[in-house]
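Chemist: show me how the following folds:
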Amino acid sequence: MPMKVYLVGAGPGDPELITVKGRRILQQADAVLYDHLANVALLGLAPPHAERLYVGKKKSAHQFSQEEICALLIERARRGWTVVRLKGGDPFIFGRGGEEAEALADASIPFEIVPGVTTPLGIAAYTGVPLTHRDHTSAVTFVTGHDVEAIDWVNIGHAATLVIFMGLTTFPEIARQLIAHGRSPGTPAMAVRWATRPDQQTVVGTLASLPAMLAGMKPPATIIVGEVVRLRGKLDWFERLPLFGKRIVVTRAREQADALASRLSALGAGLIELPTIEIRPPADCAPLDRAIGHLTTYDWLVFTSANGVRFFLERLDAGEHDLRQLRAKICAIGPATRAAVEALHLKVDLMGKEYVAESLLEAFAAHPLAGKRVLLPRAAVARDLVPTELARRGAHVDVVEAYRTVAPEHLAERAREVLAPPPDCLTFTSSSTVRNLVEAVGAEALRGIPVASIGPITTQTARSLGVEVAIQAKVYTVEGLVDAVMGLLH
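Modeler: Model prediction:
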């Protein structure tokens with residue numbers, strides 16, 4: 001992309017509410033200058049090389065002045081970079097995007113505005129308060145509340161629906177002005193902090209009662225005044241989600257966390273990603289490459305994880321052979337592994353009823369193994385139950401390292417941040433996720449935190465390390481783990 005500055009609306013808080021275009025542009029950025037109100041999760045969309053610079057503004061705490069921000073945009077654009085100015089909500093709704101666009105125009109820097117879901121629209125959707133409604137109002141007014149004296153309350157105060165940005169600390173005076181100019185003290189009013197996020201906080205009252213109710217609320221918050229607030233009791237859906245407000249830690253590897261995180265997020269949970277393992281290629285690819293070179297000689301190909309499938313395929317693609325060499329029957333330990341195999345348009349011939357090694361071995365009971373050759377590509381460190389038992393039954397088993405798991409750098413530091421204050425639930429999906437976290441911070445640091453385990457082997461590892469498991473999935477899958485968390489917290 002040629003030199004250009006994009007003023008991109010990040011939306012009201014939920015990172016999934018950014019526009020498709022905003023997401024695409026972030027993925028091509030050389031620099032991202034982001035605000036306090038832009039969800040930092042969106043920074044992960046930018047390429048690894050992209051500069052990420054916080055230029056946020058809080059009340060009385062400005063990282064950079066507005067003039068400095070404009071200068072930063074211009075300077076980086078003149079390097080020939082694609083620059084993204086990521087702003088909470090929409091750039092042109094109290095986001096000072098107009099000032100930044102003017103500065104860019106004056107400097108002859110090409111720019112583009114990418115609108116975002118402005119905060120009041122996010123509030124309306126996520127609190128069940130439509131800003132307009134045929135039975136209540138056909139007009140809505142947006143106003144900034146940081147300078148009460150500058151507002152014409154005679155005219156604005158009678159707006160059927162009034163949305164007040166940046167008015168949390170000044171709302172007592174705003175309420176007095178509205179009542180003084182004829183608005184009923186009983187008019188419904190509410191304030192919403194961190195709208196659309198799992199930690200969304202909503203306080204509902206009236207024009208007369210709300211000022212006192214806001215004493216403990218901190219910015220950022222937006223206030224809505226009007227009869228439409230009465231509809232919240234009927235239309236609110238977000239805060240009624242079964243896991244709303246629950247902080248749940250996902251310890252899976254970053255590239256695998258989405259399956260669990262997305263399911264928990266859909267139930268309203270606030271997800272905290274704490275990868276306790278990183279998945280890397282084998283230290284030495286030669287054994288796997290040799291096995292692939294003799295692929296036609298194997299009778300069975302056994303996969304005990306989706307990662308095994310992934311890395312087996314990567315090495316297959318890297319060499320001179322392809323799947324046409326495969327004549328073996330395929331065994332998968334569980335549905336996630338099966339799905340990874342079937343994504344290659346291959347059929348799975350054998351899978352256990354329960355998704356653990358013991359059940360896989362039971363499934364093999366009906367298949368004669370004497371003299372059969374079995375290839376088992378798996379993690380560098382894994383249980384030896386399957387290869388040992390298959391060999392005892394007469395098979396010639398080649399166990400090859402397809403990948404390895406390691407603890408991420410700075411795990412202990414990141415874990416201490418995540419665990420204070422303690423989350424509502426800590427999820428473990430494998431023995432290595434437990435082991436690495438305990439090695440990083442010790443079992444004592446996890447004491448008192450409800451732990452959900454994906455299955456009996458993970459549970460056994462946790463308990464052997466001194467970690468109490470509050471609940472174990474009945475079905476040893478991601479879906480089963482989500483059901484377990486629901487049973488624990490709802």
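
Chemist: which phi and psi does Val84 have?
Modeler: phi -110, psi 120 (degrees, to the nearest 10).

Chemist: shaky segments in the stretch 51-200 of the chain?
Modeler: Scanning the stretch 51-200 of the chain for pLDDT under 70 picks out 57-62.

Chemist: for it, which segments are assigned as helices?
Modeler: Secondary structure of the stretch 51-200 of the chain, counting by DSSP state H, counting those that start in this stretch: helices at 66-77, 97-106, 119-127, 153-156, 171-180.

Chemist: okay, domains of the chain per the record?
Modeler: As assigned by automatic domain parsing, the chain contains the domains 4-116, 121-235, 247-277+408-489, 283-405.

Chemist: sorry, back to before: buried deepest among the helices of the stretch 51-200 of the chain, which one?
Modeler: Using mean count of other C-beta atoms under 10 Å, the stretch among the helices of the stretch 51-200 of the chain with the greatest mean number of neighbours is helix 119-127 (a mean of 23). The C-beta positions use only the backbone N, C-alpha and C, and glycine is treated the same way.

Chemist: export that one to PDB, keeping only CA atoms.
Modeler: The C-alpha atoms that make up helix 119-127 are tabulated as PDB, following Å, rounded to 0.1, in the frame of the first residue of the first chain:
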ATOM      1  CA  THR A 119     -20.200   4.200  21.700                       C
ATOM      2  CA  PRO A 120     -23.900   5.200  22.000                       C
ATOM      3  CA  LEU A 121     -24.900   2.700  19.400                       C
ATOM      4  CA  GLY A 122     -22.900   0.000  21.200                       C
ATOM      5  CA  ILE A 123     -24.600   1.000  24.500                       C
ATOM      6  CA  ALA A 124     -28.000   0.800  22.800                       C
ATOM      7  CA  ALA A 125     -27.300  -2.700  21.500                       C
ATOM      8  CA  TYR A 126     -25.700  -4.100  24.600                       C
ATOM      9  CA  THR A 127     -28.000  -2.700  27.200                       C
END
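
Chemist: just how off-centre is it within its chain?
Modeler: 20 Å (C-alpha atoms, centre = their mean, to the nearest Å).

Chemist: returning to that earlier point: out of the helices of the stretch 51-200 of the chain, which is closest to Ala420?
Modeler: Distances from Ala420 to each of the helices of the stretch 51-200 of the chain were compared by C-beta to C-beta, and the smallest falls on helix 119-127, at 27.7 Å.

Chemist: which stretches of the stretch 201-350 of the chain form helices?
Modeler: 210-213, 232-235, 258-266, 286-293, 306-318, 335-342.

Chemist: what do you get for the stretch 351-490 of the chain?
Modeler: When secondary structure is read from DSSP H, counting those that start in this stretch, the stretch 351-490 of the chain shows helices at 357-363, 385-392, 411-418, 431-441, 456-464, 478-489.

Chemist: of these, flag the one that's most buried.
Modeler: Between the helices of the stretch 351-490 of the chain, helix 431-441 has the highest mean count of neighbours, a mean of 22, where neighbours are mean count of other C-beta under 10 Å.

Chemist: that one vs helix 456-464, what angle?
Modeler: Angle of helix 431-441 versus helix 456-464, following axes from the mean of the first three to the mean of the last three C-alpha atoms, to 10 degrees, is 20 degrees.

Chemist: closest one to Val228 among the helices of the stretch 351-490 of the chain?
Modeler: helix 478-489 (31.9 Å).

Chemist: what sits up against that closest one?
Modeler: Residues external to helix 478-489 that are found in contact with it (C-beta atoms under 8 Å, 6 or more residues apart in numbering): 242-243, 246, 248, 259-260, 263-264, 267, 269, 336, 424-425, 427, 429, 450, 452-454, 470-475.

Chemist: CA atoms only for that helix - export them in CSV, please.
Modeler: Coordinates of each C-alpha in helix 478-489 appear next as CSV, following Å, rounded to 0.1, in the frame of the first residue of the first chain:
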residue,chain,number,x,y,z
VAL,A,478,-13.5,-28.1,24.2
GLU,A,479,-17.3,-28.3,24.2
GLY,A,480,-17.2,-30.5,27.3
LEU,A,481,-14.9,-28.1,29.1
VAL,A,482,-17.3,-25.2,28.3
ASP,A,483,-20.2,-27.2,29.7
ALA,A,484,-18.1,-27.9,32.8
VAL,A,485,-17.3,-24.2,33.3
MET,A,486,-21.0,-23.4,32.9
GLY,A,487,-21.8,-26.0,35.6
LEU,A,488,-19.2,-24.5,37.9
LEU,A,489,-20.0,-20.8,37.5
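
Chemist: biggest strand in this structure, by residue count?
Modeler: In terms of residue count, the longest strand belonging to the chain (DSSP state E) is strand 396-406.

Chemist: tell me the buried residues in it?
Modeler: When burial is assessed from 16 or more other C-beta atoms under 10 Å, strand 396-406 yields the following buried residues: His396, Val397, Asp398, Val399, Val400, Glu401, Ala402, Tyr403, Arg404, Thr405.

Chemist: for stretch 78-96, buried residues please.
Modeler: Of the residues in stretch 78-96, those buried under the neighbour-count criterion (16+ other C-beta under 10 Å) are 81-96.

Chemist: with just CA atoms, put that stretch into CSV.
Modeler: The C-alpha trace of stretch 78-96 is given here as CSV (Å, rounded to 0.1, in the frame of the first residue of the first chain):
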residue,chain,number,x,y,z
ARG,A,78,6.4,10.8,5.3
ARG,A,79,8.6,7.7,5.9
GLY,A,80,6.4,6.1,3.3
TRP,A,81,4.5,4.1,5.9
THR,A,82,0.9,3.0,6.1
VAL,A,83,-0.3,4.6,9.3
VAL,A,84,-3.4,3.6,11.3
ARG,A,85,-4.8,6.0,13.9
LEU,A,86,-7.0,3.7,15.9
LYS,A,87,-9.6,5.6,17.8
GLY,A,88,-12.3,4.3,20.2
GLY,A,89,-15.8,4.5,18.8
ASP,A,90,-16.0,6.6,15.6
PRO,A,91,-13.3,9.1,14.6
PHE,A,92,-15.8,11.8,13.8
ILE,A,93,-18.0,11.5,16.9
PHE,A,94,-16.2,13.4,19.7
GLY,A,95,-13.0,11.6,18.6
ARG,A,96,-11.1,14.7,17.4
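
Chemist: any chance of the helices of the stretch 51-200 of the chain in TSV, plus distance to His367?
Modeler: Compiled in TSV, the helices of the stretch 51-200 of the chain are given as follows (distance: least, C-beta to C-beta, whole Å):
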stretch	distance to His367
helix 66-77	63
helix 97-106	66
helix 119-127	53
helix 153-156	78
helix 171-180	72
